[in-house]
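Student: Here's my sequence, what's the structure:
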Amino acid sequence: MITRAGCIFRIYTHLIDSNFRLCSLHTSHHPPSPHSAFAMQIKDHVFYVTGGAFGLGAATVQHLHALGAYVSIMDLQLEAGQKLAEQLNSSSSGGAKRAAAFEVDVCSEEAVRAAIEGSDKLWPNVTVGGCVNCGGVGMAGKTIDQNGEPFDLDTFRKTVEINLIGTFNVSRLTAARLVRDLPKPIPKPTEATKDLGVIINTASAAALEGQAGQCPYSASKGGVLSLSLPMARDLAWFGIRVMTLVPTLFETPMMAQLPKRAREAILRTCEFPARFGYPEEFALAVQGVVENSMLNGSYIRLDGASRLGKL
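Tutor: Below is the predicted model:
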């Protein structure tokens, strides 16, 4: 005699077995994932990296170059950028010079255009892959100080101009360069459309968990974070993706200026790894974004589960 529970069990088992056989049949008649055919390539593509002479930018330049990319180092510190480019070119096999430095103020349309044109002249037959915006400044100060004096508006304005407007400036000019040679009018993308390029911006944990004295920096990086989705929607028609990386403190020259007490307080917020990030880990995240077409219009936190409360 079959009980009601036994009957239900048999039906459930039959459904599981049917689904398993259906899944097996489904997968056996389909080719391997087409990911490799659509994935954005790093090798033999030009990438513009702002702030590329130091810190996160320099690590990104080195990593992309090691993967076979051509890297355009855009930085105000031209001498440091040239030194890095020379090191990479001297270590490159095959004799090809795949690194170059340009003196660039990210807020200047003229300077960014000149660097893009300079890259085109150096590598006229190499496809542009996109940009990684790492350039930025960190200026601190409370809205009013202990004497009631207001924060300097010019300093606030400069921070926003470099971190936010500079990022947008490089992004828009990179996007224009990516679509420059496409036949017009550009058709709407389909399932078969491949990535044309990628724009990767750098925000900060301060955009989400800003501390006292970080109004200029948090506001500027919050703006960068907010660019992700609308810019991705703007550029979706052209097959250009936009992502933002949100690092907490990384071992960079900028962080070296942090007071010891603040450093120790922030370190206590780290879960795992129980340390600050290394620039090479940021560069690995850049690689992941470039190579994964589904990463678009959003952001990735690089913080080891750290969440900054009031310090």
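
Student: from here on, contacts and neighbour counts on C-alpha atoms
Tutor: Fine.

Student: any idea how far T190 is from A236?
Tutor: With the distance defined as CA to CA, to the nearest Å, T190 ends up 11 Å from A236.

Student: Please say which of the two ends up with more neighbours.
Tutor: Here T190 and A236 are set side by side on neighbour count (other CA atoms under 10 Å), and the busier one is A236, at 18 against 9.

Student: And the more buried one, how far from L302?
Tutor: Distance of A236 to L302, given as CA to CA: 25 Å.

Student: can you count the residues close to E110?
Tutor: Other residues within reach of E110, judged by other CA under 10 Å, total 11.

Student: check contacts around it.
Tutor: With contact set as CA atoms under 8 Å, 6 or more residues apart in numbering, E110 has no partners.

Student: just R113 next, same as before
Tutor: In this structure, R113 makes contact with L173, judged by CA under 8 Å, 6+ apart.

Student: Check L245 too.
Tutor: Listed by CA under 8 Å, 6+ apart, the contact set of L245 reads I200, N201, T202, A203, S204, A285, Y299, I300, R301, L302.

Student: Just give me the closest of those residues to G223.
Tutor: If you rank the contacts of L245 by distance to G223 using CA to CA, A203 comes first, at 8.4 Å.

Student: give me phi/psi at the residue lying closest to T127 once chain neighbours are set aside?
Tutor: If you skip the residues right next to it in sequence, T127 has H45 as its closest partner in space, 5.1 Å away by CA to CA, 6 or more residues apart in numbering. Backbone geometry at H45, expressed as degrees, to the nearest 10, gives phi -130, psi 150.

Student: Pretty sure H45 sits against V126.
Tutor: Yes - between H45 and V126 there is a contact at 6.0 Å, judged by CA atoms under 8 Å.

Student: what do those two both touch?
Tutor: Contact with both H45 and V126 is made by no residue, according to CA under 8 Å, 6+ apart.

Student: Pick out whichever of the two has more residues nearby.
Tutor: Taking neighbours as other CA under 10 Å, H45 and V126 compare with H45 leading, 22 against 14.

Student: so what's that one scoring on pLDDT?
Tutor: Here the pLDDT value assigned to H45 is 98.

Student: Of the contacts of L245 - the most surrounded one?
Tutor: Each of the contacts of L245 was scored by neighbours using other CA under 10 Å; the highest score is A203's, at 31 neighbours.

Student: Which residues are in contact with that one?
Tutor: A203 sits next to K221, G222, V224, L225, T244, L245, V246, P247 when contact means CA under 8 Å, 6+ apart.

Student: Could you pull up phi and psi at it?
Tutor: With angles defined as degrees, to the nearest 10, A203 sits at phi -100, psi -140.

Student: Flag the shaky bits of this protein, pLDDT-wise.
Tutor: Low-confidence regions of the chain, defined here as pLDDT under 70, cover residues 1-38, 310-311.

Student: How are the strands of the chain distributed by residue range?
Tutor: Remark: strands assigned in the chain by DSSP state E are 45-50, 70-75, 99-103, 127-133, 197-202, 240-247, 298-302.

Student: Could you export those strands as CSV, including distance to I116?
Tutor: Converted to CSV, these look like this (distance: least, CA to CA, whole Å):
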stretch, distance to I116
strand 45-50, 8
strand 70-75, 8
strand 99-103, 9
strand 127-133, 10
strand 197-202, 15
strand 240-247, 17
strand 298-302, 26
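
Student: ok so, going back, considering the contacts of L245, which is situated nearest to C270?
Tutor: Nearest to C270 among the contacts of L245: L302, at 11.3 Å, using CA to CA.

Student: I'd guessed the closest one sits against V246; true?
Tutor: Yes - at 5.8 Å, L302 counts as touching V246 under the criterion of CA under 8 Å.
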